[in-house]
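Colleague: With the sequence up front, the predicted model follows.
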Amino acid sequence: MERSTAILADHPINLARMGRGDLPATQIWLFWPGMQPGAMPSFASVFGRRAVMSTAVDLLRGLAKQVAMDTIELPGVTDTNDNDWPARCQVRLRLLSTMTP
């Protein structure tokens, strides 16, 4: 993983990306070497409650799936500074009012 930083720094694809004003790839991260992660208990079985996640991050959606947590797609969710925070809060409050303990 560490060697990928030097390789990507001057890679022709990254140079082209930067020339267009796009962000370059800076490092390759290796996750789970070609195998499915081990079973995890569901969120509900551990905490006795349902949970819902909204995120623009694939890794977090995968973790939610791993623990049988619902996910919801919301417009404006970017998980960066341009998030539509008021809309996210409104949806969360609506979901909380419909969830049973």
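Modeller: That came through, no problem.

Colleague: Flag every buried residue along the least confident helix or strand in the chain by mean pLDDT.
Modeller: The helix or strand of the chain with the poorest confidence is helix 85-98; it has a mean of 80 (mean pLDDT, DSSP states H and E). Residues of helix 85-98 classed as buried by neighbour count (16 or more other Cβ atoms under 10 Å): R88, V91. Any C-beta I mention is one placed from the backbone N, CA and C, and that applies to glycine too.

Colleague: mind showing which ranges of this structure have poor pLDDT?
Modeller: Scanning the chain for pLDDT under 70 picks out 32-35, 99-101.

Colleague: Any figure for the gap between the residue nearest the centre of it and D70?
Modeller: By Cα atoms, centre = their mean, the mean C-alpha position of the chain lies nearest to V57, the distance being 1.7 Å. Applying Cβ to Cβ, to the nearest Å, the value for V57 to D70 is 16 Å.

Colleague: V46: neighbour count?
Modeller: Residues near V46, counting by other Cβ atoms under 10 Å, number 10.

Colleague: For it, give its distance to V52.
Modeller: Taking Cβ to Cβ as the criterion, V46 is separated from V52 by 16 Å.

Colleague: doesn't E2 make contact with W29?
Modeller: No. Under the criterion of Cβ atoms under 8 Å, W29 is not in contact with E2, lying 10.8 Å apart.

Colleague: where's M40, which helix or strand?
Modeller: Secondary structure from DSSP states H and E places M40 outside every helix and strand.

Colleague: Compute the number of surrounding residues for it.
Modeller: Taking other Cβ under 10 Å as the neighbour definition, M40 ends up with a count of 12.

Colleague: do the same with the one 5 residues further on
Modeller: Neighbour count of S45, defined by other Cβ under 10 Å: 10.

Colleague: what's the distance between it and T26?
Modeller: S45 is 39 Å from T26, where distance means Cβ to Cβ.

Colleague: Quick check: R61 touching T55?
Modeller: Yes. Using Cβ under 8 Å, R61 makes contact with T55 at a distance of 6.0 Å.

Colleague: intersection of neighbour lists for these two?
Modeller: Counting by Cβ atoms under 8 Å, 6 or more residues apart in numbering, the residues touching both R61 and T55 are T71.
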